Structure formats: C-alpha cells, structure tokens
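>>> Predicted model and sequence below, questions to follow.
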Amino acid sequence: MSDPQREPMALAFDVTTLTPNSPRHTSIPDRMFRVKEIFGLDIDWEVPGFSHDMPNVPLRDDSYHFDHDTTLAILAGFAFNRRVMIQGYHGTGKSTHIEQVASRLNWPCVRINLDSHVSRIDLLGKDMIVLKEGKQVTEWKEGLLPWALQNPVALVFDEYDAGRPDVMFVIQRILESDGRLTLLDQNQVIRPHPAFRLFATANTIGLGDTTGLYHGTHQLNQGQLDRWNIVTVLNYLSHEDEVKIVMAKLPESDIKGQVSEADVNAMVRLAAMTREGFKNGDLSTLMSPRTVISWAENTEIFHDREMSFRLSFMNKCDELERPILAEYYQRCFGVEIL
C-alpha cells in the first residue's frame with residue numbers, strides 16, 4: 001500500500017490554474033492550508049480552501065477535538081473530491097466533524113436530514129404557483145440539490161440510512177465524482193461545480209437496524225453503497241480524549257464551579273459502563289458523548305449532579321434498568337442515587 005505522504009494523489013483541481021476570475025465559476029478555492037498547522041495532524045498534506053469568508057460556512061469551534069482517521073477521510077473528500085460516508089453510533093460528532101473541517105477551510109457546508117418526509121421533489125424542485133404582476137403563474141422552484149451541485153458547497157446528508165428509496169436513487173446519480181444531474185422536468189443536465197463536495201453520515205452501514213437503537217433505518221442498495229469512495233467509522237473515543245472534549249465544552253468559569261475534572265472523569269467512566277452494559281444486553285440504550293456533555297452542562301445549571309444525571313439520561317431508560325444505572329453511579333461516584 002502506498003504511503004500518502006510520499007506519493008500524494010493529484011488534487012481534484014489545481015488552485016494555480018483555476019482563478020476566481022474564471023468566466024464559468026465565480027468561486028473556487030484559492031488558498032492551500034497545511035494540515036499539520038490547522039488540524040494538528042502529523043501528515044504533510046496541503047488541502048485547498050478559501051481565503052475569504054463565504055456564505056454558509058459553519059461557525060468555528062476552537063475547542064473541537066479532531067479524530068485522526070475521520071479527519072483524514074474528510075480532508076481527502078475536500079482535497080481529492082472523494083465521496084465520504086461516516087458511520088457510527090449517535091452522539092459521536094459525525095456531522096459536526098465535517099462542519100468543523102469545513103469551517104477551517106472556509107468552505108460552505110449545508111446539511112440535509114434525510115428523514116422519511118424528504119422526497120425526491122424536495123431535493124430536485126417542483127412547479128409552484130406564484131403571483132406575478134397580479135396574475136397566478138406556474139414557476140419552477142429549484143430544489144436544494146441542483147443549487148448545491150452548481151455552487152462551491154459541501155453537501156452533507158445526515159441520517160443517510162433513513163432516506164426513502166426514491167431519494168436514494170436521486171442521490172445515486174451524483175455519487176460519481178463527475179456525476180451529472182439530469183432534471184427530466186426541465187430537460188436540463190447540470191454539471192457539478194469544481195468545488196462541490198458530497199458527504200453522508202449514518203448510524204448503520206447499510207444492513208439496517210441490527211441493534212434496536214435506530215428504528216426507521218433501511219438496508220442500503222449495495223450498488224449505491226459501492227459508489228462511496230471512502231467509508232470511515234467514528235465510534236466512541238478513548239477515555240482521555242472524551243474527557244478532553246467534555247472539559248473543552250465547559251466555559252473556564254464553569255470548570256472551577258460545579259463540575260471538576262474528577263467529576264468529568266467519573267461521568268465518562270459511567271458512560272463507558274452503559275456502553276458495555278448495552279453490548280452485554282443489560283441496557284437497551286447507552287450514553288453518547290453528547291449526553292455526557294449535556295449532563296455536565298445541566299450540572300452547572302441545576303447545581304445538582306444526581307438530578308442532572310436523571311434529567312440527562314436516567315429518565316430516558318426503562319424503569320427496570322434504573323437499578324443497574326444506580327449501581328453504575330455508585331461505583332463511579334461512591335454515593336447512592338435516590
């Protein structure tokens with residue numbers, strides 16, 4: 001297997017030959033970012049991005065902690081126009097990971113949640129009756145997919161494995177790196193913008209819900225799944241990394257308040273116990289990093305760690321499982337929860 005540091009693949013486009021003054025595309029990446037400096041990863045990559053602020057660029061979170069493999073996969077998507085899917089449990093920061101990479105590259109990013117109510121018409125567009133000069137006329141309203149395809153946008157399909165079959169086949173048209181979108185209603189073929197990028201996040205990996213956690217997910221067409229160039233997995237991080245994430249989410253003033261680093265360590269240990277309990281069949285759900293952060297934040301609000309634990313997680317569980325959670329709490333904090 002070749003080393004990407006020694007034999008870098010050619011970029012999807014050359015920022016030295018495509019300029020912002022191009023008559024065909026008005027906004028293309030015009031700056032190279034060093035991955036080692038921007039993301040702290042020990043790899044000698046340069047990734048294109050924008051030197052100026054763009055509309056729809058996500059807000060930057062300077063406290064965000066980047067996972068090495070997931071970040072490399074996302075950066076490959078931006079630099080080499082790879083179609084990237086991130087799979088993992090809920091609350092692990094799959095979509096946020098993409099947004100935070102995009103924010104540092106000044107790359108516009110738009111997320112679409114593929115719930116069961118999103119149809120192909122919502123994505124592609126539809127004829128609508130509008131009022132012009134006092135008359136009702138029919139006018140074509142472009143959907144978000146054709147708009148994104150024609151602009152420098154990183155389009156993220158959240159909950160990809162929950163999408164309807166008709167939506168899946170629409171997306172399949174653009175999964176190729178040079179995939180063109182044909183609008184039959186408009187007799188139009190849309191070529192993708194050079195800076196259009198496509199990502200997806202999913203809780204399952206195409207086999208449907210095998211855990212009981214993700215009702216509403218579907219089995220994915222393997223022909224479509226095969227078109228994703230990169231599939232990476234982002235599950236729960238190491239204990240030390242998760243503690244860093246939770247601590248970073250608390251303001252400096254709060255760290256000295258109700259939640260200490262020792263408390264956060266115990267919270268993360270308890271979360272790990274729920275995950276192990278879920279694997280062993282003792283629990284029907286588990287604590288995600290998002291839940292741990294909510295627990296810490298709620299402790300700052302209510303000044304009561306036990307009450308915040310009940311409000312953040314325990315009340316979401318079946319009553320028969322609560323004695324198990326009480327035991328976990330006692331083992332981590334040395335006190336019994338009422």
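Done, it's in. Fair warning: this is a prediction, and the values are worked out from it, not measured in the lab. Numbering: from 1, shown residues only.
>>> going forward, measure contacts and count neighbours with C-alpha atoms only.
Noted.
>>> for the chain, which spans come out with low pLDDT?
Counting by pLDDT under 70, the chain has low-confidence residues at 1-26, 177, 206-218, 252-257, 338.
>>> Please report phi then psi for M168.
Dihedral angles of M168 (phi, psi; degrees, to the nearest 10) stand at phi -60, psi -40.
>>> okay, now it: neighbour count?
M168 has 19 neighbouring residues, counting by other C-alpha atoms under 10 Å.
>>> For the most centrally placed residue in the chain, which non-adjacent residue is spatially closest?
Central residue of the chain (C-alpha atoms, centre = their mean): S95, 1.0 Å from the mean position. Excluding the flanking residues, the one nearest S95 by C-alpha to C-alpha, 6 or more residues apart in numbering is T201, at 6.5 Å.
>>> Just the element for the one you found, please.
strand 197-202 (DSSP states H and E).
>>> next one: L237
Assigning secondary structure by DSSP H and E places L237 outside every helix and strand.
>>> Next: the one 4 residues further on.
According to DSSP H and E, D241 maps onto helix 239-249.
>>> do the same with D122
Element membership for D122, per DSSP H and E: helix 120-124.
>>> Can you tell me the strand partners of the helix or strand following that helix and which way each runs?
Next along the chain after helix 120-124, taking DSSP H and E as the criterion, comes strand 125-132. Paired neighbours of strand 125-132 in the sheet (DSSP bridges): strand 135-142 (antiparallel).
>>> related to what we said a few turns ago, pretty sure the residue nearest to S95 is in contact with K94, am I right?
Yes - in this structure, T201 is within contact of K94 by C-alpha atoms under 8 Å, at 6.4 Å.
>>> who touches both of the two?
Both T201 and K94 are contacted by 86-87, under the criterion C-alpha atoms under 8 Å, 6 or more residues apart in numbering.
>>> Which one's more surrounded, the two?
T201 (26 against 23).
>>> For the more buried one, give me its contacts.
Taking C-alpha under 8 Å, 6+ apart, we find T201 in contact with 85-87, 94-95, 156-160.
>>> do the same with S308
295-296, 298-299, 302.
>>> For W295, see how far away it is.
For S308, the distance to W295 (C-alpha to C-alpha, to the nearest Å) stands at 6 Å.
>>> Then M287?
Separation of M287 from W295 (C-alpha to C-alpha): 10 Å.
>>> Equivalent analysis for G49, please.
Taking C-alpha to C-alpha as the measure, G49 falls 36 Å from W295.
>>> swap in G134?
55 Å.
>>> L184: neighbour count?
Other residues near L184 come to 8 when the count uses other C-alpha under 10 Å.
>>> what angle sits between the longest helix belonging to the chain and helix 239-249?
Ranked by residue count and defined by DSSP state H, the top helix of the chain is helix 261-279. Put simply, helix 261-279 runs at 120 degrees to helix 239-249, going by axes from the mean of the first three to the mean of the last three C-alpha atoms, to 10 degrees.
>>> other SSEs contacting helix 261-279?
Judged by 3 or more C-alpha pairs under 8 Å, 6 or more residues apart in numbering; DSSP states H and E, helix 261-279 is in contact with helix 239-249, helix 289-302, helix 322-333.
>>> neighbouring contacts of stretch 128-140?
Against stretch 128-140 from outside (C-alpha under 8 Å, 6+ apart): 125-127, 141.
>>> Which residues are in contact with each of M287 and W295?
F313.
>>> In terms of neighbours, single out the busier of the two.
Per other C-alpha under 10 Å, whichever of M287 and W295 has more neighbours is W295, with 25 against 21.
>>> Great, nothing more from me.
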